[in-house]
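Novice: Sequence and predicted structure are below.
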Amino acid sequence: MEGTAAGAKFQPSGTACRSLWEHQHRRYNPLRDEWVLVSAHRMRRPWQGQVEKPPPEDVPRCDPGNPLCPGAKRANGQVNPHYESTFVFDNDFPALQPDAPEPGAGDHPLFRTASARGVCKVMCFHPWSDLTLPLMSLAEIRTVIDQWSEIAVELGASYPWVQIFENKGAMMGCSNPHPHCQIWASSFLPNEASLEDRAQQRHRREHGIPMLLEYAQLEAERKERIVVENVDWLVVVPYWAVWPFQTLLLPRQRQICRLQDLQHGERDSLASIMKRLLTKYDNLFQISFPYSMGWHGAPMGSFLDTDCSHWQLHAHYYPPLLRSATVRKFMVGYEMLAQAQRDLTPEQAAERLRNLPDEHYQLKRRETS
Ligand code: H2U
Ligand code: ZN
């Protein structure tokens, strides 16, 4: 295969390469066209800095005072239905609204402005507040995937970018323990989308294969950064990962533009791999693992009529924790002023996650309650 052959000439020479990774070096992120500094030896330093509060263990299943629960009253006075599966509503505090007035272009190149229109929605994954995705059944996770796909179709009909994202845990700014995600659709391509669009377009032009399809095939062969895999999907700690336990969830068989292009079998295998990944995440420090995750796929709106075959659907998971349930990585100092830097290598992070059990440490909780 073309992608595999092209990659083969860059195959690292096994142990020689691995020992190089023990020393500081830089790695290139082709999706964002930027570099990350890897300094594995820094994990040995003592930590006397900030210690976080671990996530609460005792979330009540139903709390009438929680605005995301079935039957509860939200900030705008509306009462939620007694939903039994997923539930989507318009965010009562939207960052984007459909009818904002045109701001004009600005009066100087250094003071530019552009219009921003859109909609923001919230989607509850389940009626119970004490569940998270890894504790949900495969059928329940599959329902979430189908709902994501439906929202992408609905909002993608008029908006070029539909960002589905989940902030999990107070450490990632999540304001509510109830399992949920947000969906922001915008009239413009946000920065991350533009960066990835340009990078994938260039790769397709220069190498004749979608970047992330080639990447998944190479990672499947090399194996050292795989966390979990099944017939349709691969989860790796990417070669260029910045966050300690950052992962990338990728289709491995074919080029897929968007969530709504997933076939039935691919949706079932996605539910399965998400459950396995998130179970490992929770098992790592035996807590409900905090992260921000989100889906990236080909733009929609007017892009639906254009060639987007350079795009590959994927999800990013960005967890903040570094060495325990209470010590997080701070992206400050060098990261803010120079470039991203990580401590343990992506290979070490992948190995730790890969070796964790596939059974959730709290499995009994759902079974006995
Ligand atoms: P986060 O936990 O990721 O912040 O998501 C919760 C969202 O729910 C948040 O964006 C919305 C907040 O605006 N929300 C409502 O729309 N209505 C409410 O009554 C409470 C919270
Ligand atoms: Zn992406």
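Specialist: Perfect, I can see it now. These figures come from a predicted structure and were not determined experimentally. Numbers count the residues shown, from 1 in each chain. Ligands and ions are numbered 1, 2, ... in the order given.

Novice: So which residues of the stretch 101-250 of the chain form strands?
Specialist: Counting by DSSP state E, counting those that start in this stretch, residue ranges of the strands within the stretch 101-250 of the chain are 118-124, 161-168, 180-186, 226-229, 233-236, 247-251.

Novice: Out of those, the one nearest ligand 2 is which?
Specialist: Put simply, out of the strands of the stretch 101-250 of the chain the one that sits nearest ligand 2 is strand 247-251, at 7.8 Å, with distance taken as CB to the ion. Any C-beta I mention is one placed from the backbone N, CA and C, and that applies to glycine too.

Novice: mind checking how far the residue nearest to His203 when sequence neighbours are not counted is from Pro30?
Specialist: Ranked by CB to CB, 6 or more residues apart in numbering and with sequence neighbours excluded, the top spatial neighbour of His203 is Met211, at 3.8 Å. Remark: distance between Met211 and Pro30 (CB to CB, to the nearest Å) = 6 Å.

Novice: Compare these two and say which is more crowded by neighbours.
Specialist: Met211 (22 against 17; other CB atoms under 10 Å).

Novice: Now do the same contact list for that one.
Specialist: The neighbourhood of Met211, defined by CB atoms under 8 Å, 6 or more residues apart in numbering, consists of 30-31, 199-200, 203-204, 310, 312.

Novice: again, but for Glu219
Specialist: By CB under 8 Å, 6+ apart, the residues touching Glu219 are 225-226, 234, 236, 239, 250.

Novice: in this structure, which spans are helices?
Specialist: Assignment of helices within the chain using DSSP state H yields the ranges 2-8, 14-20, 138-156, 191-207, 211-222, 264-285, 334-337, 346-354, 363-368.

Novice: hang on, the earlier thing: so what's in contact with Met211 and Pro30 at the same time?
Specialist: Counting by CB under 8 Å, 6+ apart, the residues touching both Met211 and Pro30 are 199, 203.

Novice: To what extent is Trp233 buried, counted in neighbours?
Specialist: Neighbouring residues of Trp233 were enumerated by other CB under 10 Å; the total is 23.

Novice: Name whatever forms a beta bridge with it.
Specialist: Pro251 (DSSP bridges).

Novice: what about it, distance to Arg205?
Specialist: Here the criterion is CB to CB. By it, Trp233 lies 26 Å from Arg205.

Novice: among the helices of the chain, which is nearest ligand 2?
Specialist: The stretch from these with the least distance to ligand 2 (CB to the ion) is helix 191-207; that distance is 4.9 Å.

Novice: Now tell me what touches the closest one from outside.
Specialist: Outside helix 191-207, the residues within contact range by CB under 8 Å, 6+ apart are 2-3, 6, 30-33, 161, 163, 189, 209-212, 214, 296, 299, 309-312.

Novice: now the contacts of Glu219: which count as buried?
Specialist: A residue is treated as buried here by neighbour count (16 or more other CB atoms under 10 Å); on that basis the buried members of the contacts of Glu219 are 225-226, 234, 236, 239, 250.

Novice: Can you convert those residues into a markdown table and add a column each for pLDDT?
Specialist: Output for these, formatted as a markdown table (pLDDT from 0 to 100):
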| residue | pLDDT |
| --- | --- |
| Arg225 | 98 |
| Ile226 | 98 |
| Leu234 | 98 |
| Val236 | 98 |
| Tyr239 | 98 |
| Leu250 | 98 |
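
Novice: Including distance to ligand 1, could those residues go into JSON lines?
Specialist: Supplementary listing: these in JSON lines, determined by distance: CB to the nearest ligand atom, whole Å:
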{"residue": "Arg225", "distance to ligand 1": "29"}
{"residue": "Ile226", "distance to ligand 1": "29"}
{"residue": "Leu234", "distance to ligand 1": "27"}
{"residue": "Val236", "distance to ligand 1": "26"}
{"residue": "Tyr239", "distance to ligand 1": "29"}
{"residue": "Leu250", "distance to ligand 1": "25"}
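
Novice: could those residues be laid out in CSV, adding distance to ligand 2?
Specialist: Converted to CSV, the buried ones among the contacts of Glu219 look like this (distance: CB to the ion, whole Å):
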residue, distance to ligand 2
Arg225, 17
Ile226, 19
Leu234, 15
Val236, 13
Tyr239, 14
Leu250, 10
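
Novice: give me the low-pLDDT residue ranges for the stretch 251-369 of the chain?
Specialist: Within the stretch 251-369 of the chain, the segments meeting pLDDT under 70 span 364-369.

Novice: For it, what lies in contact range of ligand 2?
Specialist: Applying CB under 5 Å from the ion, one finds that the stretch 251-369 of the chain approaches ligand 2 through His296.

Novice: Could you tell me which residues of the stretch 251-369 of the chain lie near ligand 1?
Specialist: Contact residues, the stretch 251-369 of the chain versus ligand 1 (CB under 6 Å from any ligand atom): none.

Novice: Bridged to the closest residue to ligand 1 within the stretch 251-369 of the chain, which residues?
Specialist: Closest contact between the stretch 251-369 of the chain and ligand 1, by CB to the nearest ligand atom, is at Ser292 (9.0 Å). Each beta-bridge partner of Ser292 is listed here: Asn167, Tyr318, as defined by DSSP bridges.

Novice: Lovely, talk soon.
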